[in-house]
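Need coordinates for the following:
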Amino acid sequence: MNALTLSHKFIGEHVKPGQLVIDATAGKGKDTLMLCKLVGDSGKVIAMDIQEAAITQTKELLVTEGWDHVAELHLDSHSNMSKYAEPGSVDCIVFNFGWLPGGDHNVFTHKETSIEAIEQGLTLLKSGGIMSLTVYYGRNNGYEERDAILDYLTTIDDTKYTVMVLNFTNRKNDPPFPVFIIKD
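Numbers count the residues shown, from 1 in each chain. The predicted structure is shown next:
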């Protein structure tokens, strides 16, 4: 069991055919592909990444798997996601903060744009919508983004959102951890 497995289980239990979802950090496209399969032909996935290679890999994967017609890809920062969806229109938003697993650890997300993206995402979510954040930390990006995200999460209005942070207490070496947010 790891953060990604838990995130995928949470997402899989909530995302349904026909929904609008956002993959805010497309990476290699695996989450984008999973989301396309969950929303089906009647749904829509908006995926974005700041790395051109990530958008290229995601597009290639979706074409190969036959799901490119469901996804809309953008070479853009997750902090600009509100350009692509209306407030209260999104059923699920997925983030992977930190670095691209298996990628260049010198390229990673930063606290300023990540917190801005979470804030935008909260306004984009429908009532009952979910957000899944997987936080990778340590190595080159250190703990600054992790700590800033954890601090920010405590400020989210508890009358409108439920925020759950899961920790792997007995694991060493800075294991990534999932965060789940549900808009009430």
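
Could you use CA atoms for every contact and neighbour count after this?
Noted.

Okay, helices next: where are they in the protein?
Taking DSSP state H as the criterion, the chain contains helices spanning 3-14, 30-39, 52-65, 111-124, 144-153.

Tell me the strands beside the strand with the most length in the chain, with direction?
Secondary structure assigned by DSSP state E gives strand 125-135 as the longest strand of the chain. Here strand 125-135 is paired, per DSSP bridges, with strand 90-97 (parallel), strand 177-183 (antiparallel).

Name the stretch among these that sits most buried.
Compared across the strands paired with strand 125-135, strand 90-97 shows the largest average neighbour count, a mean of 25 (mean count of other C-alpha atoms under 10 Å).

How about residues contacting that strand?
Under the criterion C-alpha atoms under 8 Å, 6 or more residues apart in numbering, residues 11, 15, 19-25, 31, 108-109, 114, 121, 124-126, 128-137 lie in contact with strand 90-97.

tilt between it and helix 3-14?
For the pair strand 90-97 and helix 3-14, the angle between their directions (axes from the mean of the first three to the mean of the last three C-alpha atoms, to 10 degrees) equals 180 degrees.

Output strand 90-97 in CSV with nothing but the alpha carbons.
Taking C-alpha atoms only, strand 90-97 is exported to CSV below (Å, rounded to 0.1, in the frame of the first residue of the first chain):
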residue,chain,number,x,y,z
VAL,A,90,-15.6,20.1,-11.6
ASP,A,91,-16.2,16.7,-10.0
CYS,A,92,-12.6,15.8,-9.2
ILE,A,93,-9.1,17.4,-9.3
VAL,A,94,-5.9,15.4,-9.0
PHE,A,95,-2.5,16.7,-8.0
ASN,A,96,0.9,15.1,-7.6
PHE,A,97,3.1,17.7,-5.9
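
Just give me how far that strand sits from the chain centre.
Taking the mean of its C-alpha atoms, strand 90-97 sits 3 Å from the chain's own mean (C-alpha atoms, centre = their mean, to the nearest Å).

Could you do stretch 119-137 as well?
Between the mean C-alpha position of stretch 119-137 and that of its chain there is a distance of 7 Å (C-alpha atoms, centre = their mean).
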